[in-house]
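Enquirer: I would like to see how this sequence folds:
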Amino acid sequence: MEMVIDFPGGARVDAHFGQFTVHTDQPPMSSAPTPFATFLASLGTCAGIYVLGFCQQRGIPTEGIRIIQRVHKAPNNGMIGKIEMEIQVPSNFPEKYYSSLVRSAELCAVKKHFEQPPQFEIYTRAVEMAV
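Expert: Numbering: from 1, shown residues only. The predicted structure follows:
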């Protein structure tokens with residue numbers, strides 16, 4: 001997969017891939033979420049995809065189901081120390097599926113990459129710009 005990252009003005013930075021564009025911005029005059037907030041949202045939405053799939057495969061309605069994601073910073077360095085995801089279900093949701101819902105959310109590919117991060121290679125290359 002290739003993404004093109006560009007700078008449309010101000011503190012905005014956009015990522016383009018396939019038919020999609022993800023817009024990001026920085027405070028104080030943000031018109032879009034920050035790149036880091038977008039990253040954090042990808043964790044919760046990825047877990048949500050697996051919870052949704054679990055329910056759909058079993059014909060369980062998803063109305064009233066939501067994930068509350070909380071980010072806790074480590075006091076020693078200000079980085080993320082813990083990410084908590086609470087899967088809230090309606091009171092009539094079958095209790096026998098609670099642990100299965102958790103296991104399905106844990107299948108999230110973004111979470112797995114966070115747990116076993118890839119190597120990064122960052123470099124500069126000059127290219128001729130079309131006029």
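Enquirer: How about residue 27: what's its closest non-neighbour residue?
Expert: Distances taken as CB to CB, 6 or more residues apart in numbering put residue 34 closest to residue 27, at 7.5 Å, once the chain neighbours are dropped. No exception for glycine: its C-beta is placed from N, CA and C like everyone else's.
Enquirer: State the phi and psi torsions of the spatially most central residue of the chain.
Expert: Nearest to the mean C-alpha position of the chain, by CA atoms, centre = their mean, lies residue 42 at 0.8 Å. When read as degrees, to the nearest 10, the backbone of residue 42 gives phi -70, psi -30.
Enquirer: Run a quick check on it versus residue 108, I expect a contact.
Expert: No: with contacts counted by CB atoms under 8 Å, residue 42 stays clear of residue 108, the gap being 9.1 Å.
Enquirer: Residue 107 and residue 50 touch, don't they?
Expert: Yes: if you go by CB under 8 Å, residue 107 and residue 50 touch, sitting 4.9 Å apart.
Enquirer: out of the two, which sits in the more crowded spot?
Expert: residue 50 (18 against 15; other CB atoms under 10 Å).
Enquirer: did I read that right, the more buried one in a strand?
Expert: No: Residue 50: not assigned to a strand; according to DSSP: H, G, I helix; E, B strand; the rest coil it is helix.
Enquirer: and it, what is it in contact with?
Expert: Under the criterion of CB atoms under 8 Å, 6 or more residues apart in numbering, the neighbours of residue 50 are 104-105, 107-108.
Enquirer: Just the buried ones from those residues, in PyMOL syntax?
Expert: The command below creates a PyMOL selection of those among the contacts of residue 50 that count as buried (16 or more other CB atoms under 10 Å):
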select buried, resi 104+105+108
